[in-house]
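[1] I need the structure of the sequence given here:
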Amino acid sequence: MTHRPGLDPAVAEVRRAVRAALAGIAQGSTVVVALSGGADSLALAASVAFEAPKLDLAAVAVTIDHGLQEGSADAAAAAAAQARALGLSARVVRVEVGADGGPEAAARGARYAALAVEASALGAAAVLTGHTLDDQAETVLLGLARGSGAGSLQGMSPVSTVGDGLLLLRPLLGVRRATTRAACAAAGLEPWSDPHNVDPRFARVRVRERVLPVLEAELGPGITEALARTAEQAREDADAFAAMIDETIEDIVDHAEAGISISVPALAANPPALRHRIIRTVVAAEFGESLTRAQTLEVARLVTEWSGQGPIDLPGCRARRRGQRLEFTARSGAR
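    Numbering: from 1, shown residues only. So this is what the prediction gives:
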């Protein structure tokens, strides 16, 4: 009797994660795999190639060539070739990367915009990315360092949207980076090593190569997993908080001429955290603008410390107190 070797544990772990993520996609749909050629996205592509046909899903690998380093076109072509060898359709898209927000943010924005365009052209139901548990931990640390508040603790969501509501799935957020590398090795796949992933000019690289190892050495092992668990718990809290805010807004907010108004007594009755979140949510929903903490506190003083002060100019709108209502109206030419 011929002995059949068991499935490699790393391959099995990645496949389980992908299977769970794809389970909610309607049969007959198409999904897009964002494939950089690195170990994370390559392990993801291999698992999608295995799992998607069993769920009656078509899968297309899309490799974005940012053109930021010599040989990027060759690396993109090699990634697409490996995807085709796995049985996936594959295409390479070249993008132009601007400078807004720094090189990392600009590249990320260009990448997601291109993925959304390709997914739309394919009629795809979702885009899958290879972000791992290690990426999640790095994201949480970067957010904390930038003072992004409690929102930074949420990290990346396993399910979110990009572009005009396109579903974005991150199946590997519970999988370690070492596991994706082991999965590639077990499957005979050759990941591309992006030089930018070891370039200390980038904050994420410094967190990965310097900060996390120091934390592990000084505080003990398990820091990466702890940060990822914190993100998951923070998202659960944020979801509950968001639902509470939506219910409160329905009760205390009314449409007004050229804008929206909130009951001052009702807003004042809420704890500061909820009051501030309501103000930010209303401005974002009605005018498509984000308020800084300083701006939010200034508006809140119209509720709790009002002594007749006049309107406050904000991004896209103006806030003012009128009797027992806090009004937000569009600024001329802002809407």
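[2] scan this protein for its longest strand.
    For the chain, the strand with the greatest residue count under DSSP state E is strand 58-65.
[3] distance of the closest residue to Val205 other than its chain neighbours from Arg208?
    The spatial neighbour of Val205 that comes closest, neighbours along the chain excluded (C-beta to C-beta, 6 or more residues apart in numbering), is Asp199 at 5.7 Å. Where C-beta positions appear, they are placed from N, C-alpha and C, glycine not excepted. Per C-beta to C-beta, to the nearest Å, Asp199 is found 11 Å from Arg208.
[4] so which of the two has more stuff around it?
    For Asp199 versus Arg208, the count of surrounding residues by other C-beta atoms under 10 Å is larger for Arg208: 19 against 14.
[5] and for Ala217, the neighbour number?
    Neighbouring residues of Ala217 were enumerated by other C-beta under 10 Å; the total is 10.
[6] I'd like the distance between it and Phe202.
    According to C-beta to C-beta, Ala217 stands 22 Å off from Phe202.
[7] ok, now Gly188?
    In this structure, Gly188 and Phe202 are 30 Å apart, going by C-beta to C-beta.
[8] quick one: which of those two has more around it?
    Set side by side, Gly188 and Phe202 show more neighbours around Phe202, with 15 against 7, by other C-beta under 10 Å.
[9] got the contact list for the more buried one?
    For Phe202, the set of contacting residues under the criterion of C-beta atoms under 8 Å, 6 or more residues apart in numbering consists of 103-104, 196.
[10] what subset of these is buried?
    In terms of neighbour count (16 or more other C-beta atoms under 10 Å), the buried residues within those are 103, 196.
[11] could I get the average pLDDT for stretch 243-259?
    When the per-residue pLDDT values of stretch 243-259 are averaged, the result is 86.
[12] burial of the residue nearest to Asp8 when sequence neighbours are not counted, as a residue count?
    Nearest residue to Asp8, sequence neighbours excluded (C-beta to C-beta, 6+ apart): Ala186, at 3.7 Å. By the criterion of other C-beta under 10 Å, Ala186 has 17 neighbours.
[13] tell me what the host helix or strand of Ala186 is packed against?
    Element membership for Ala186, per DSSP states H and E: helix 177-187. Contact here means 3 or more C-beta pairs under 8 Å, 6 or more residues apart in numbering; DSSP states H and E; on that basis helix 177-187 packs against helix 9-22, helix 39-51, helix 133-145.
[14] let's see that with 7 Å instead.
    helix 9-22, helix 39-51 (3 or more C-beta pairs under 7 Å, 6 or more residues apart in numbering; DSSP states H and E).
[15] let me see the domain layout of the protein.
    The chain resolves into domains spanning 9-223, 257-330 when parsed by automatic domain parsing.
[16] just the mean pLDDT for the first one, thanks.
    Think domain 9-223. Confidence over domain 9-223 (mean pLDDT, whole number) is 91.
[17] distance from the chain centre to it, please.
    The chain centroid and the centroid of domain 9-223 are separated by 11 Å, computed with C-alpha atoms, centre = their mean, to the nearest Å.
[18] what's the span of it from first residue to last?
    For domain 9-223, the separation between the terminal residues is 23 Å (C-alpha to C-alpha, to the nearest Å).
[19] got it, and the last one?
    Start to finish, the residues bounding domain 257-330 are 10 Å apart (C-alpha to C-alpha).
[20] so which residues of the stretch 51-200 of the chain form helices?
    In the stretch 51-200 of the chain, the helices defined using DSSP state H, counting those that start in this stretch lie at 72-85, 103-122, 133-145, 150-153, 177-187.
[21] thanks a lot, see you next time.
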